[in-house]
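Visitor: show me how the following folds:
(one chain, ligands or ions: 1)
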Amino acid sequence: MALIKCKECGKEVSSLAKNCPNCGAPIMVMKKVKVHFWRKKKFGGSAITGSVFIDGQHIGIAHNGCEFDVYLPVGNHTISTETTMNQYGTGGKGDSRNIQIQENMHQVNIELIPKSTFLTGGWAYLAIKDVIVL
Ligand SMILES: [Zn+2]
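Guide: Numbering: from 1, shown residues only. Predicted coordinates for the structure are as follows:
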């Protein structure tokens with residue numbers, strides 16, 4: 001257990017508390033997470049880009065080999081990608097994974113729980129390679 005500051009009232013609260021005992025605000029423990037992307041393909045090539053979504057919210061554009069650092073509250077999340085269509089008709093599809101972040105995780109490679117990989121006719125897409133809680 002650690003003591004963290006309530007972001008509403010600033011009082012110290014147990015990180016295990018669901019709500020601040022002082023003001024009642026919900027306590028969310030945030031973890032720094034590194035997400036690594038790569039190009040999954042049937043044929044050669046290396047360039048691919050795509051949009052990245054966490055819990056349905058667009059957080060940016062990634063490319064093959066790219067890494068993102070994000071802060072996420074402890075709990076369950078969905079990471080997904082949507083690959084940009086290129087001149088070869090590759091893209092328009094992506095990868096989607098569920099992850100479970102626990103408070104006691106430190107330097108842990110999170111298991112990527114398959115949600116869906118949707119391929120609709122192309123040969124390459126921006127995939128989620130690994131997710132590490134720092
Ligand atoms: Zn509070």
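
Visitor: skipping adjacent residues, who's closest to residue 21 in space?
Guide: Nearest non-adjacent residue to residue 21, counting by CB to CB, 6 or more residues apart in numbering: residue 13, 6.8 Å away. Every C-beta, even on glycine, is put in place using the N, C-alpha and C of the backbone.

Visitor: ok, now which ones touch the most centrally placed residue in the chain?
Guide: In the chain, the residue lying closest to the centroid (CA atoms, centre = their mean) is residue 79, at 4.3 Å. With contact set as CB atoms under 8 Å, 6 or more residues apart in numbering, residue 79 has these partners: 35, 52-54, 96-97, 99, 128, 131.

Visitor: that older thread, looking at it, the residue nearest to residue 21 is touching residue 5, isn't it?
Guide: Yes - between residue 13 and residue 5 there is a contact under CB atoms under 8 Å: 7.4 Å.

Visitor: please name the nearest non-neighbouring residue to residue 28.
Guide: residue 73 (4.1 Å).

Visitor: the ion: which of the contacts of residue 79 is nearest?
Guide: residue 54 (26.0 Å; CB to the ion).

Visitor: related to what we said a few turns ago, can you pull the pLDDT of the residue nearest to the centre of the chain?
Guide: Reading off the confidence values, residue 79 has pLDDT 93.

Visitor: residues from this structure in reach of the ion?
Guide: Within reach of the ion by CB under 5 Å from the ion, the chain has these residues: 6, 8-9, 20, 22-23, 25.
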